[in-house]
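Q: Provided below are the primary sequence and the corresponding predicted coordinates.
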Amino acid sequence: MRILGLDYGEKRIGVAICDELGWTAQGLPTIIRKDKKHDWEILANLIKNYNVEKIIIGYPLRLDGSEGIQCEKVNRFAALLNKAFSLPVIKWPETLSTKEAEEILTNSGMHWKKRKKKVDKLAACLILQNYLDSSDSKKVN
């Protein structure tokens, strides 16, 4: 089963895909958002080309576990994904995944200009890998 991982943002969407066995997440090119038609076209191509059966989207809970404004935006986007592609969309806690991705890239010695281009992809990988490593990913939906 191929699973698509997304790190939703208003300007960019980080994207990752798992291998056929569901063990590892690999980054795909980040979607630079232009308009709804453009974004959906890219997502539709990814879903078709990788034969995606499920989507995991990062759910940015606050540190205290409560939902904020960004969660509302992710909820709307997740509902649109489900309606457009008729696939299960699982919201996965991702608090500080972008910060973790930035830290990993900084520690690797990557220049800040390159980090900016890679951070969303890595955040999507972290979200998806965290899901794959959980017992939830082993359950049949």
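A: Here it is on my side, so go on. Remember, it's a predicted structure, so these values are computed and weren't measured experimentally.
Q: average pLDDT across the helix or strand hosting Ala79?
A: Using DSSP states H and E, Ala79 sits in helix 69-85. For helix 69-85, the mean per-residue pLDDT is 94.
Q: which other helices and strands contact the helix or strand that that helix is followed by?
A: Per DSSP H and E, the first helix or strand lying C-terminal to helix 69-85 is strand 89-93. Applying 3 or more C-beta pairs under 8 Å, 6 or more residues apart in numbering; DSSP states H and E, one finds that strand 89-93 makes contact with strand 52-59, helix 69-85, helix 112-133. C-beta coordinates here come from the backbone N, C-alpha and C atoms, glycine included.
Q: Of all those, which one is nearest Pro29?
A: Checking these against Pro29 by C-beta to C-beta gives helix 112-133 as the closest, at 7.3 Å.
Q: Can you tell me the closest non-neighbouring residue to Leu87?
A: Among residues not flanking Leu87 along the chain, Ile55 sits closest, at 5.6 Å (C-beta to C-beta, 6 or more residues apart in numbering).
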